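Peer 1: Quick one: sequence plus predicted model below, questions after.
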Amino acid sequence: MMEAYLYERLEDNKVRCNLCSHRCVIKDGRRGICNVRENDGGILNTLVYGKLIAQHIDPIEKKPLFHFLPGTPSYSIATVGCNFRCRFCQNADIAQMPSDREGTLLGTRCTPGDVVDAAQGGGCRSIAYTYTEPTVFFEFAYQTAKLAHDRGICNVFVTNGYMTSEALEMIEPYLDAANVDLKAFTDDYYKKVCGAGLKHVQATLKLMKSLDIFIEVTTLIVPGLNDDPSELNDLAAFIARDLGPETPWHISRFHPTYKLTDRPSTPIQTLTTAREIGINAGLRYVYTGNVPGNAAENTFCYSCGETVIERWGFQVENLRLKNGKCTQCGVEIDGVWE
């Protein structure tokens, strides 16, 4: 436990947390929506500092980040907790643990130095703050990211994008890349399925872009909820217009899980249609996820069509880039390659 960053004290021992866009006003003795930040007599504490529920070495492609140091390992960490309540949460056993198990906060004690040492020892080029929501363990992520940068290790967030501008601007000097879930393109979906709001995620994405943080975007396509072609067209147009046509878009396949088990897995044709919508909107790199072996998990040169990165699932099979350029036509492929 440690005193939290980014909060303000209010009357009657209440506090306002300014870490994420819920901006919870928390009474004395209560926790915020994330269930991992608690008001103790007018002091907001983080309950998960240095309490890691997961530590693994993953391929960077698993985040997914396809245009950021491809083929390299990323030391991946998480605490329990999340500020969303997604009905389809794929990591609900840890992300929703505090909410579903009466405030339970499991984890192994660890310091930022321990994480950075483990990343270096494992030959990792980056540390990924992932699996749950890095915003809710911001203090630990911030201190770890700062130390990692001092040692030449990159930092990446896999996030729902609900952090405040204050939080993003604070960590920006040490945050190299992010994969942001843009879960849908209607506020109704965000409210009913995730317990949040669309506009704050859009604002985060645009701020990340302006701060020169490398961005990739992921959308999980859920049958009957966010698969309408007109909505997907609006979403793709937003990425192309506000983030740039060079922004990779990952269209991911839904499978029934957690509290959303009343519908089937996403049909492959739906993913194919969504990918075509992204390409027609002007996006250069559109991928289908959760479909190992599908050709659309490869990277194609947007100029000549040459396959420049071949993948199978999370593994890079063949990398045909020279100094970040297509070896066939010489055009620069957008990304961070070294």
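Peer 2: All right, it came through fine. Residues are numbered from 1 along each chain as shown.

Peer 1: residue ranges of the helices in the stretch 1-150 of the chain, please?
Peer 2: Listed in chain order, the helices of the stretch 1-150 of the chain (DSSP state H, counting those that start in this stretch) span residues 92-95, 97-100, 112-121, 138-150.

Peer 1: got JSON lines for these, with distance to M163, mean pLDDT and mean neighbour count too?
Peer 2: The way it works is simple: take the backbone N, C-alpha and C, and place the C-beta from them, glycine included. Shown next, in JSON lines, are the helices of the stretch 1-150 of the chain (distance: least, C-beta to C-beta, whole Å; pLDDT from 0 to 100; neighbours: other C-beta atoms under 10 Å):
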{"stretch": "helix 92-95", "distance to M163": "16", "mean pLDDT": "96", "mean neighbour count": "20"}
{"stretch": "helix 97-100", "distance to M163": "19", "mean pLDDT": "94", "mean neighbour count": "20"}
{"stretch": "helix 112-121", "distance to M163": "19", "mean pLDDT": "98", "mean neighbour count": "18"}
{"stretch": "helix 138-150", "distance to M163": "8", "mean pLDDT": "98", "mean neighbour count": "21"}
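
Peer 1: care to break the protein down by domain?
Peer 2: Per automatic domain parsing, the domain ranges recorded for the chain read 2-46, 51-298, 299-338.

Peer 1: possible to save the helices of the stretch 1-150 of the chain as CSV with distance to G224?
Peer 2: Written out in CSV, the entries for the helices of the stretch 1-150 of the chain read as follows (distance: least, C-beta to C-beta, whole Å):
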stretch, distance to G224
helix 92-95, 21
helix 97-100, 25
helix 112-121, 40
helix 138-150, 35
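
Peer 1: Which among those is found nearest to Y5?
Peer 2: Taking C-beta to C-beta, helix 138-150 is the member of those nearest to Y5, at 5.5 Å.

Peer 1: now for the very next helix or strand once past the closest one, which elements pack on it?
Peer 2: Beyond helix 138-150 in the direction of the C-terminus, DSSP states H and E gives the next helix or strand as strand 154-159. Judged by 3 or more C-beta pairs under 8 Å, 6 or more residues apart in numbering; DSSP states H and E, strand 154-159 is in contact with strand 126-129, helix 138-150, strand 177-181.

Peer 1: and L65, which of these is closest to it?
Peer 2: Comparing the helices and strands packed on strand 154-159 against L65 with C-beta to C-beta, the closest turns out to be strand 177-181 (5.6 Å).

Peer 1: In terms of secondary structure, what does that closest one contact?
Peer 2: strand 154-159, helix 198-210, strand 214-221.

Peer 1: Mind putting the ones you listed into TSV with mean neighbour count and distance to F84?
Peer 2: Shown next, in TSV, are the helices and strands packed on strand 177-181 (neighbours: other C-beta atoms under 10 Å; distance: least, C-beta to C-beta, whole Å):
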stretch	mean neighbour count	distance to F84
strand 154-159	25	10
helix 198-210	18	10
strand 214-221	23	12
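
Peer 1: I'd like the ones you listed laid out as CSV, including distance to L175.
Peer 2: As requested, the helices and strands packed on strand 177-181 are arranged in CSV below (distance: least, C-beta to C-beta, whole Å):
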stretch, distance to L175
strand 154-159, 5
helix 198-210, 8
strand 214-221, 9
